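Student: Need coordinates for the below:
(chains A, B, C and D)
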2 protein chains.
Amino acid sequence: MLRPKSIPESTVRRMSLYLRSLQEAQDAGMASISSDELAERGGTTSAQVRKDLSFFGSFGKRGFGYPVRELIGAIRDILGLDHTWRVALVGAGRIGSALFGYEDFQRRGFHIRAVFDSDPAKVGQAWGGLTVRSDAEMETALREGEIEIVIIAVPAEAAQRVVDRVVRAGVRAVLNFAPARLRAPESVALRTVDMSTEMESLAFALNNS
Amino acid sequence: MLRPKSIPESTVRRMSLYLRSLQEAQDAGMASISSDELAERGGTTSAQVRKDLSFFGSFGKRGFGYPVRELIGAIRDILGLDHTWRVALVGAGRIGSALFGYEDFQRRGFHIRAVFDSDPAKVGQAWGGLTVRSDAEMETALREGEIEIVIIAVPAEAAQRVVDRVVRAGVRAVLNFAPARLRAPESVALRTVDMSTEMESLAFALNNS
DNA sequence: GGATGTGAATGTCTTCACAGCT
DNA sequence: AGCTGTGAAGACATTCACATCC
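Tutor: As a prediction, this is how the structure comes out:
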């Protein structure tokens, strides 16, 4: 599934939001929806909605709007949600535990298949149907489990080492929750959720309004 | 502390990262640092570093670089980290619990002073030195505690209602962890950490490389 | 000499506005 | 008539390149 042009990251993120809005619209029994309505629900403008969708094709009917059911299917395909993804979690602390139980991941097809930690006290614990494994087994287990996405929830000091190891084990997508800027090869998709930076951005906003 | 021009949000976020890099540099005993070195550590370019800093003033010496200690102080002032912030957490579930224990918040001056939940089974529980309070008390407690920032960690369906209530109680900054697009008045700073969207952005990247 | 600070150039994203389809 | 799809314009952010100053 190769795309003609390079798609803005901001567009991809909005696609994810549109999908949510569309599912709500479907639950409300709507069969079609206009770019105006979709913009309203997604917190953007109708022109933005149309432009975003146009990166991927023509999904609407002029004078009518977009068919909800079909558009949901199209966006699911675009985002790669037409199948489930094999995910591993590294770090079985408080944040790891919260992410493990996060139902939205499950619901959207991101299935956590393995959990690793370096703390001997945690290794062997039963988590849901899984057993927390030693991080020494990580590389082998990632390969055997054909893990596609790794979530990092370890302390900042340990995070870069984990990235290096999972990349060497063939993983090409990483979601990092450690407050550190990590390096990975171009070929690896890496996103960092930096909660302290978000808080500081709020502090700045409060001081400047 | 009113800023001359409007500062790009991306610049503010990078300031937060520079601060981290500077603190590391200080711990490593460095007294001065060039925009090149700062860029290297912060994952950006030296021109970007200089441009970002120039929004706020001139902190460097030509031919020399930036004095680490002074620049740390300046950025802390800019971001509003020169004092602590009074924070409340709404939602005492798994994610709320992880955030409550997140040491980086504490370290950076974001002190959680109150926790609320609507579940009677949770109300009254001791969390650290605090007691989980009923969400019925929320408005009063926010005002009495002079809470400046609220973290939302409730289910998506409940999130908008919480925003509306805390805004009416005078709170002007909200960090939302619920997977929902929330509405707030212009005058309120609202950031959403959307973990499912991050995962979907990774899925898209994997499908398109 | 060497690295900052910054206008100018470039690149990227968003908004406009309307032709074109249904 | 109504709403999409899209070039063109505009706004915004990043990068370049160099005069400036320590």
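
Student: Mind listing the residues bridging to the one residue sitting closest to the centre of chain A?
Tutor: Averaging the C-alpha coordinates of chain A gives a centre point, and the residue nearest to it by CA atoms, centre = their mean is A:Leu175 (7.4 Å). For A:Leu175, the residues forming beta bridges with it (DSSP bridges) are A:Ile151, A:Arg191.

Student: Tell me how far A:Ala98 lies from DNA strand C.
Tutor: 30 Å (CB to the nearest atom of the strand, to the nearest Å). The C-beta positions use only the backbone N, C-alpha and C, and glycine is treated the same way.

Student: hang on, that residue in a helix?
Tutor: Yes - residue assignment for A:Ala98, taken from DSSP: H, G, I helix; E, B strand; the rest coil, places it within a helix.

Student: Can you name the residues that contact it?
Tutor: Taking CB atoms under 8 Å, 6 or more residues apart in numbering or on different chains, we find A:Ala98 in contact with B:Arg94, B:Ile95, B:Ser97, B:Ala98.

Student: Just give the closest residue to A:Ile112, not the sequence neighbours.
Tutor: Nearest residue to A:Ile112, sequence neighbours excluded (CB to CB, 6 or more residues apart in numbering or on different chains): A:Val87, at 4.9 Å.

Student: A:Ile152 is in contact with the one you found, correct?
Tutor: No - look at A:Val87 against A:Ile152 with CB atoms under 8 Å: they stay out of range, at 11.5 Å.

Student: In the record's domain split, what are the boundaries for chain A?
Tutor: Chain A breaks down into these structural domains: A:9-79, A:85-197 (assignment by automatic domain parsing).

Student: Could you export those as JSON lines, including distance to B:Tyr102 and mean pLDDT?
Tutor: Output for the domains of chain A, formatted as JSON lines (distance: least, CB to CB, whole Å; pLDDT from 0 to 100):
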{"stretch": "domain A:9-79", "distance to B:Tyr102": "24", "mean pLDDT": "98"}
{"stretch": "domain A:85-197", "distance to B:Tyr102": "7", "mean pLDDT": "98"}
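
Student: Where does the residue of chain A positioned farthest from its centre sit: helix, strand or coil?
Tutor: Distance from the C-alpha centroid of chain A, by CA atoms, centre = their mean, peaks at A:Gly63 (34.1 Å). When the structure is reduced to helix, strand and coil (three-state DSSP), A:Gly63 reads as coil.

Student: what pLDDT does A:Pro4 get?
Tutor: Turning to A:Pro4, the model gives it a pLDDT of 54.

Student: interface residues of chain A facing DNA strand D?
Tutor: For chain A, the residues in contact with DNA strand D (CB under 7 Å from any atom of the strand) are A:34-36, A:46-47, A:50-51, A:53-54, A:58-66.

Student: From those residues, which land in helices?
Tutor: A:Ser35, A:Asp36, A:Ser46, A:Ala47, A:Arg50, A:Lys51, A:Leu53, A:Ser54 (DSSP state H).

Student: Pull up the pairing partners for the longest strand along chain A, direction included.
Tutor: Residue-count comparison of every strand in chain A, with assignments taken from DSSP state E, identifies strand A:110-117 as the longest. Using DSSP bridges, the strands paired with strand A:110-117 in its sheet are strand A:85-90 (parallel), strand A:133-134 (parallel).

Student: all helices for chain A, in order.
Tutor: In chain A, the helices defined using DSSP H lie at A:9-27, A:35-42, A:46-54, A:68-79, A:94-100, A:103-107, A:138-144, A:156-168, A:195-207.

Student: got JSON lines for the ones in helices among the residues of chain A next to DNA strand D, with neighbour count and distance to A:Arg13 too?
Tutor: Formatted as JSON lines, the entries for those read as follows, by neighbours: other CB atoms under 10 Å in any protein chain shown; distance: CB to CB, whole Å:
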{"residue": "A:Ser35", "neighbour count": "21", "distance to A:Arg13": "18"}
{"residue": "A:Asp36", "neighbour count": "13", "distance to A:Arg13": "20"}
{"residue": "A:Ser46", "neighbour count": "14", "distance to A:Arg13": "18"}
{"residue": "A:Ala47", "neighbour count": "10", "distance to A:Arg13": "17"}
{"residue": "A:Arg50", "neighbour count": "18", "distance to A:Arg13": "17"}
{"residue": "A:Lys51", "neighbour count": "14", "distance to A:Arg13": "14"}
{"residue": "A:Leu53", "neighbour count": "23", "distance to A:Arg13": "14"}
{"residue": "A:Ser54", "neighbour count": "12", "distance to A:Arg13": "17"}
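
Student: No more questions from me, cheers.
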